[in-house]
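S.K.: what shape does this take:
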Amino acid sequence: MSQLLKIIGERLRNFRKERGLSQEELAYLASLHSTYIGQLERGEKNVTIESLEKITRALGISLEELFRYVQSTEKQRETSVLIEIISRLQGRSLEDQKTILKLLDLLTEWKDYKK
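M.R.: Numbers count the residues shown, from 1 in each chain. Next up is the predicted model:
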(Lines give C-alpha, C1' and ligand atoms only; values in the text may rest on other atoms or scores of the structure.)
Protein backbone atom coordinates (compact mmCIF):
# COMPACT_ATOMS: atom_id res chain seq x y z
CA MET A 1 0.00 0.00 0.00
CA SER A 2 1.36 3.39 -0.99
CA GLN A 3 2.29 5.75 1.83
CA LEU A 4 0.70 8.59 -0.13
CA LEU A 5 -2.61 6.70 -0.34
CA LYS A 6 -2.54 6.16 3.42
CA ILE A 7 -1.88 9.84 4.07
CA ILE A 8 -4.65 10.96 1.72
CA GLY A 9 -7.02 8.47 3.34
CA GLU A 10 -6.18 9.76 6.81
CA ARG A 11 -6.73 13.34 5.66
CA LEU A 12 -10.11 12.45 4.17
CA ARG A 13 -11.13 10.64 7.35
CA ASN A 14 -10.07 13.59 9.52
CA PHE A 15 -12.01 16.09 7.39
CA ARG A 16 -15.05 13.79 7.40
CA LYS A 17 -14.99 13.37 11.16
CA GLU A 18 -14.45 17.10 11.73
CA ARG A 19 -17.72 17.65 9.87
CA GLY A 20 -19.52 14.97 11.87
CA LEU A 21 -20.25 12.83 8.82
CA SER A 22 -20.39 9.05 8.63
CA GLN A 23 -18.83 7.28 5.65
CA GLU A 24 -22.34 6.61 4.38
CA GLU A 25 -23.32 10.28 4.62
CA LEU A 26 -20.17 11.40 2.83
CA ALA A 27 -20.69 8.78 0.15
CA TYR A 28 -24.25 10.02 -0.41
CA LEU A 29 -23.14 13.66 -0.62
CA ALA A 30 -20.33 12.75 -3.04
CA SER A 31 -22.48 10.35 -5.12
CA LEU A 32 -20.06 7.50 -4.41
CA HIS A 33 -20.41 4.12 -2.68
CA SER A 34 -19.75 4.00 1.07
CA THR A 35 -17.52 0.93 0.62
CA TYR A 36 -15.32 2.98 -1.70
CA ILE A 37 -15.06 5.79 0.88
CA GLY A 38 -13.94 3.25 3.48
CA GLN A 39 -11.35 1.79 1.12
CA LEU A 40 -10.00 5.25 0.36
CA GLU A 41 -9.76 6.16 4.03
CA ARG A 42 -7.80 2.97 4.72
CA GLY A 43 -5.50 3.63 1.75
CA GLU A 44 -6.61 0.43 0.03
CA LYS A 45 -7.81 1.93 -3.25
CA ASN A 46 -6.32 4.32 -5.75
CA VAL A 47 -8.42 7.43 -6.05
CA THR A 48 -9.18 9.33 -9.23
CA ILE A 49 -9.07 13.09 -9.43
CA GLU A 50 -12.76 13.02 -10.33
CA SER A 51 -13.62 11.09 -7.15
CA LEU A 52 -11.40 13.36 -5.07
CA GLU A 53 -13.18 16.37 -6.51
CA LYS A 54 -16.57 14.90 -5.57
CA ILE A 55 -15.39 14.10 -2.05
CA THR A 56 -13.74 17.45 -1.41
CA ARG A 57 -16.82 19.25 -2.71
CA ALA A 58 -19.00 17.17 -0.36
CA LEU A 59 -16.63 18.02 2.52
CA GLY A 60 -16.67 21.71 1.62
CA ILE A 61 -12.92 21.90 1.04
CA SER A 62 -10.74 22.47 -2.01
CA LEU A 63 -8.32 19.98 -3.51
CA GLU A 64 -5.60 22.42 -2.51
CA GLU A 65 -6.69 22.24 1.11
CA LEU A 66 -6.67 18.44 1.02
CA PHE A 67 -3.11 18.34 -0.31
CA ARG A 68 -1.78 21.37 1.55
CA TYR A 69 -0.19 19.31 4.32
CA VAL A 70 0.07 15.91 2.71
CA GLN A 71 3.63 14.92 3.48
CA SER A 72 5.47 12.19 5.32
CA THR A 73 5.80 12.28 9.09
CA GLU A 74 9.52 13.00 8.75
CA LYS A 75 8.78 15.89 6.44
CA GLN A 76 6.17 17.17 8.93
CA ARG A 77 8.82 17.19 11.68
CA GLU A 78 11.25 19.07 9.44
CA THR A 79 8.57 21.59 8.54
CA SER A 80 7.58 22.14 12.17
CA VAL A 81 11.22 22.81 13.12
CA LEU A 82 11.56 25.34 10.28
CA ILE A 83 8.32 27.03 11.33
CA GLU A 84 9.62 27.26 14.90
CA ILE A 85 12.89 28.83 13.71
CA ILE A 86 11.02 31.36 11.58
CA SER A 87 8.61 32.28 14.37
CA ARG A 88 11.49 32.92 16.76
CA LEU A 89 13.23 35.15 14.23
CA GLN A 90 10.14 37.15 13.24
CA GLY A 91 10.08 39.06 16.51
CA ARG A 92 13.71 40.09 16.17
CA SER A 93 15.14 43.14 14.50
CA LEU A 94 16.64 42.86 11.04
CA GLU A 95 20.08 43.34 12.59
CA ASP A 96 19.48 40.43 14.99
CA GLN A 97 18.25 38.27 12.12
CA LYS A 98 21.40 38.99 10.11
CA THR A 99 23.59 38.18 13.13
CA ILE A 100 21.75 34.90 13.72
CA LEU A 101 22.12 34.03 10.03
CA LYS A 102 25.88 34.59 10.26
CA LEU A 103 26.01 32.38 13.37
CA LEU A 104 24.01 29.72 11.56
CA ASP A 105 26.48 29.85 8.65
CA LEU A 106 29.41 29.49 11.05
CA LEU A 107 27.80 26.55 12.86
CA THR A 108 27.00 24.83 9.58
CA GLU A 109 30.57 25.29 8.31
CA TRP A 110 31.95 24.00 11.62
CA LYS A 111 29.69 20.95 11.57
CA ASP A 112 30.54 20.20 7.91
CA TYR A 113 34.25 20.59 8.70
CA LYS A 114 34.01 18.04 11.55
CA LYS A 115 32.67 15.36 9.19
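S.K.: what's the burial count for residue 56?
M.R.: 19 (other Cβ atoms under 10 Å). For glycine as for every other residue, the C-beta is placed from the backbone atoms N, C-alpha and C.
S.K.: what distance do you get for it to residue 68?
M.R.: Distance, residue 56 to residue 68, using Cβ to Cβ, to the nearest Å: 12 Å.
S.K.: what segments of the chain are helices?
M.R.: With helices called from DSSP state H, the chain shows them at 3-18, 23-30, 34-41, 49-59, 63-67, 73-90, 94-114.
S.K.: now render those helices as CSV, adding mean pLDDT.
M.R.: Converted to CSV, these look like this (pLDDT from 0 to 100):
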stretch, mean pLDDT
helix 3-18, 89
helix 23-30, 97
helix 34-41, 96
helix 49-59, 96
helix 63-67, 86
helix 73-90, 72
helix 94-114, 91
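S.K.: please parse the chain into its domains.
M.R.: 3-67, 73-114 (automatic domain parsing).
S.K.: which one of these is the most hemmed in?
M.R.: Greatest average neighbour count among these goes to domain 3-67 (a mean of 16), per mean count of other Cβ atoms under 10 Å.
S.K.: from the chain's centre, how far out does that domain sit?
M.R.: In terms of Cα atoms, centre = their mean, to the nearest Å, the centre of domain 3-67 is set 15 Å apart from its chain centre.
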